[in-house]
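Visitor: quick one: sequence and predicted model below, then my questions.
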Amino acid sequence: MGKVFIHATVTLDGFMADSDGGVDWMFDFEGVEEDAEIINKIMEEIGAIVGGANKTQTIEEGEIPYGGMVKVPTYLMTHEAHEPIERDGITYSFVVNDIAQAVEAAKADAGDKSVSLLGGSISRQCLNLGLVDEIQLHVVPLLLGNGISLFGGLDERITLERIQTAAYADGTHLRYRVVR
């Protein structure tokens, strides 16, 4: 069985989005072949995704995890029941308030591949429940000053072990194992 990992691009000051939730800044950096190799390896490893649903429980353009390049089952956390949505070969299932259930369903779908956790709230909840095996971050050389923090509000101290560090072009790739 694969692992469960948090996967995010963050600014040097730890924000995954600006104050309005925008991530346009993420595309202002030019990578090199080595950056692409790291990203592609991670994307090939993903067998399912757990993230948060939008308020209208729809799958809008610009909200599709990985821009639709990773066509795997996707579980979206919500507070109200909703039928699954099929779009562009991806099934989006909505899970009401039980993140552990969403992760277990995603792990079952992923088989030998891994589950990618997307979003700050999802990541923090899964860390607090002990469901996370690794954290994989891409840090870009930008200070937003304020925005939506990936780990802000985490309820406890989490010890990490560095597995990999690589730096190319305009970013640093970090991979940590969660020490239990």
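Guide: That came through fine.
Visitor: got the contact list for the spatially most central residue of the chain?
Guide: Nearest to the mean C-alpha position of the chain, by CA atoms, centre = their mean, lies Leu118 at 2.5 Å. Applying CB atoms under 8 Å, 6 or more residues apart in numbering to Leu118 gives the contacts 7-8, 49-52, 65. Every residue, glycine included, has its C-beta placed from N, CA and C.
Visitor: run the last query once more with 6 Å
Guide: Applying CB atoms under 6 Å, 6 or more residues apart in numbering, we find Leu118 in contact with 51, 65.
Visitor: can you tell me how far it sits from Gly31?
Guide: Leu118 is 20 Å from Gly31, where distance means CB to CB, to the nearest Å.
Visitor: returning to what we had before: got the phi and psi for the residue nearest to the centre of the chain?
Guide: Main-chain dihedrals, Leu118, degrees, to the nearest 10: phi -120, psi 130.
Visitor: any idea of the pLDDT on it?
Guide: For Leu118, the model assigns a pLDDT of 94.
Visitor: now it: how far from Met77?
Guide: Computed as CB to CB, the Leu118 to Met77 distance reads 10 Å.
Visitor: got it, and Val96?
Guide: To Met77, Val96 is 8 Å away according to CB to CB.
Visitor: more neighbours, those two?
Guide: Met77 (20 against 13; other CB atoms under 10 Å).
Visitor: which residues does the more buried one bridge with?
Guide: Gly52, Val95 (DSSP bridges).
Visitor: and if you look at Val4?
Guide: With DSSP bridges applied, Val4 shows beta-bridge pairing to Val115.
Visitor: helices of the protein, start to end?
Guide: 33-45, 99-110, 120-128 (DSSP state H).
Visitor: columns mean neighbour count on top of those, output as TSV?
Guide: What follows is the helices of the chain, written out as TSV (neighbours: other CB atoms under 10 Å):
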stretch	mean neighbour count
helix 33-45	14
helix 99-110	19
helix 120-128	20
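Visitor: what's the lowest-mean-pLDDT helix or strand in the chain packed up against?
Guide: Here the helix or strand of the chain ranked lowest by mean pLDDT, DSSP states H and E is strand 85-87, holding a mean of 89. With contacts defined as 3 or more CB pairs under 6 Å, 6 or more residues apart in numbering; DSSP states H and E, strand 85-87 has no helix or strand neighbours.
Visitor: can you count the residues close to Thr91?
Guide: Per other CB under 10 Å, the neighbour tally for Thr91 reads 14.
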